[in-house]
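In: Generate coordinates for the sequence data below:
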Amino acid sequence: MTSDFPAYAPSEEHELLRGTVRELADAKIAPFAAVVDEESRFPVEALEALVAAGLHAVHVPEAYGGAGADALATVIVIEEVARACAASSLIPAVNKLGTVPILLAGSQELKERYLGP
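Out: Prediction:
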C-alpha cells in the first residue's frame with residue numbers, strides 16, 4: 001500500500017491479515033448477509049467462520065489462547081467483516097469491547113475464566 005505518510009502505513013503483516021479476513025468474509029459471511037438482515041437474526045454463520053479461523057477475538061493475549069493482535073489488527077478484522085456484513089462486524093467489535101475491562105482490571109482468575117477459548 002502506498003501512503004503519503006509511511007509512518008502510519010499498515011505493516012506487511014497487517015495487510016496479510018486484511019487479505020485473509022477479506023477472503024473469509026467474501027466466502028463465508030457475505031453470502032448470508034442479506035438473509036441475516038431480512039430475518040433480523042444473529043449471524044451464526046459469521047460467528048462459526050470467525051471462530052474457526054481464530055478471528056473472533058484477535059486482541060486476546062497469547063497467554064489466554066488468543067492471537068495477541070494489536071489494536072490496528074482488531075480494527076482491520078472489524079472493517080473487513082463489515083465490508084461483507086455490518087451486523088457480523090459486531091462479533092469481533094463486541095468481543096473487544098466486552099473483554100477490555102477484564103484485560104485492564106480483571107484478576108488473574110477472571111482472565112483465565114473469560115479470555116480462554
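In: could you pull out the helices for the protein?
Out: Counting by DSSP state H, the chain has helices at residues 12-24, 30-39, 44-53, 71-84, 90-105, 108-115.
In: winner for burial among those helices?
Out: Mean neighbour count (mean count of other CB atoms under 10 Å) peaks for helix 71-84 among those, with a mean of 20. Every residue, glycine included, has its C-beta placed from N, CA and C.
In: Quick one, which of the helices of the chain gets closest to Tyr64.
Out: helix 108-115 (3.8 Å; CB to CB).
In: The closest one to helix 90-105, inter-axis angle?
Out: Helix 108-115 runs at 170 degrees relative to helix 90-105, counting by axes from the mean of the first three to the mean of the last three CA atoms, to 10 degrees.
In: Show me what helix 108-115 is packed against.
Out: helix 90-105 (3 or more CB pairs under 8 Å, 6 or more residues apart in numbering; DSSP states H and E).
In: Now for Leu103: which residues touch it?
Out: Applying CB atoms under 8 Å, 6 or more residues apart in numbering, we find Leu103 in contact with Pro61, Lys111, Leu115.
In: Just give me the neighbour total for the residue lying closest to the last one once chain neighbours are set aside.
Out: Taking CB to CB, 6 or more residues apart in numbering as the measure, Leu115 lies nearest to Tyr64, with 3.8 Å between them; neighbours along the chain are not counted. Each residue near Tyr64 was counted by other CB atoms under 10 Å, and the total is 18.
In: next one: the one 5 residues further on
Out: Other residues lying near Ala69 total 21 when counted by other CB under 10 Å.
In: picking that back up, could I get the helices of the chain in JSON lines, plus columns for distance to Phe5 and mean pLDDT?
Out: Formatted as JSON lines, the helices of the chain follow (distance: least, CB to CB, whole Å; pLDDT from 0 to 100):
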{"stretch": "helix 12-24", "distance to Phe5": "15", "mean pLDDT": "96"}
{"stretch": "helix 30-39", "distance to Phe5": "31", "mean pLDDT": "97"}
{"stretch": "helix 44-53", "distance to Phe5": "31", "mean pLDDT": "96"}
{"stretch": "helix 71-84", "distance to Phe5": "14", "mean pLDDT": "96"}
{"stretch": "helix 90-105", "distance to Phe5": "25", "mean pLDDT": "94"}
{"stretch": "helix 108-115", "distance to Phe5": "34", "mean pLDDT": "92"}
